[in-house]
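S.K.: Predicted model follows, preceded by the sequence.
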Amino acid sequence: MFQPDHIVHSHYFENVENGYIPTLTLHNQQLKIKDTINWKILNQLEYKEQEHDAYGTVMMPVFSKEVKAFDKKRVVIKGYILPVDRKTYALSKNVYAACFFCGKAGPETVMGLTFKESPGRIKMDTYATISGILKINGTDVEDWMYSLTDVEIIHMKE
């Protein structure tokens, strides 16, 4: 579970290639978290038409080399946590009112979350920095395009 008293102070340094790299000070020790990804990188994809047995013609993502390089790696990303139901959470580039579920953005702006441990109750649109193993999906139309497993909350701001 997220325990904010473990984080004494955090800073964010901009890196042109990877967006923001969080640097955390834990009891006077600085830790830089590598393999940071951001929504701009995740937006580097195209769509192609593909026939699906149940849905007819669907648009399937074709990911850039840069996105593929992060597949199955631990990453850090910031976004808005959206409770989907009592057990399912998503991370969105946008707040709920402008997210993918409302039709205001594409599926590349949201990812499914599977927490390492129960996060407890999280309010809608809580802004958070999280870490997890990224999984990209370009084949299963009934699953998230992006998902994170083994998710841990690094920092959150309600």
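M.R.: Received the coordinates, thanks.
S.K.: tally of neighbours for residue 61?
M.R.: 18 (other Cβ atoms under 10 Å). For glycine as for every other residue, the C-beta is placed from the backbone atoms N, C-alpha and C.
S.K.: repeat for the one 5 residues further on
M.R.: When neighbours are defined as other Cβ under 10 Å, residue 66 has 14 of them.
S.K.: ditto for residue 154
M.R.: Neighbourhood size, residue 154 [other Cβ under 10 Å]: 17.
S.K.: What of residue 42?
M.R.: With other Cβ under 10 Å as criterion, residue 42 counts 24.
S.K.: and what of residue 157?
M.R.: Residues contacting residue 157 under the criterion other Cβ under 10 Å number 8.
S.K.: need the contact list for it.
M.R.: Contact partners of residue 157, counting by Cβ atoms under 8 Å, 6 or more residues apart in numbering, are 126, 127, 128.
S.K.: again, but for residue 109
M.R.: Going by Cβ under 8 Å, 6+ apart, residue 109 touches 39, 42, 43, 92, 93, 94, 99, 100.
S.K.: one step back: out of the contacts of residue 157, which one sits closest to residue 77?
M.R.: In terms of Cβ to Cβ, no member of those lies closer to residue 77 than residue 128, at 9.2 Å.
S.K.: Identify the bridge partners of that closest one.
M.R.: Going by DSSP bridges, residue 128 is paired in beta bridges with residue 79, residue 156.
S.K.: Okay, the nearest residue to residue 158 once chain neighbours are set aside and residue 113: tell me how far apart.
M.R.: What sits nearest to residue 158 in space, not counting adjacent residues and going by Cβ to Cβ, 6 or more residues apart in numbering, is residue 126, at 5.1 Å. Distance, residue 126 to residue 113, by Cβ to Cβ, to the nearest Å: 12 Å.
S.K.: More neighbours: which of those two?
M.R.: residue 113 (23 against 16).
S.K.: Hmm, that one is touching residue 89, no?
M.R.: Yes: contact between residue 113 and residue 89 holds when scored by Cβ atoms under 8 Å: they sit 4.4 Å apart.
S.K.: any shared contact partners between the two?
M.R.: What both residue 113 and residue 89 touch, as defined by Cβ under 8 Å, 6+ apart, is the set residue 81.
S.K.: Next, the closest residue to residue 141 other than its chain neighbours: secondary structure please.
M.R.: Distances taken as Cβ to Cβ, 6+ apart put residue 58 closest to residue 141, at 5.4 Å, once the chain neighbours are dropped. Under DSSP: H, G, I helix; E, B strand; the rest coil, residue 58 falls in the strand class.
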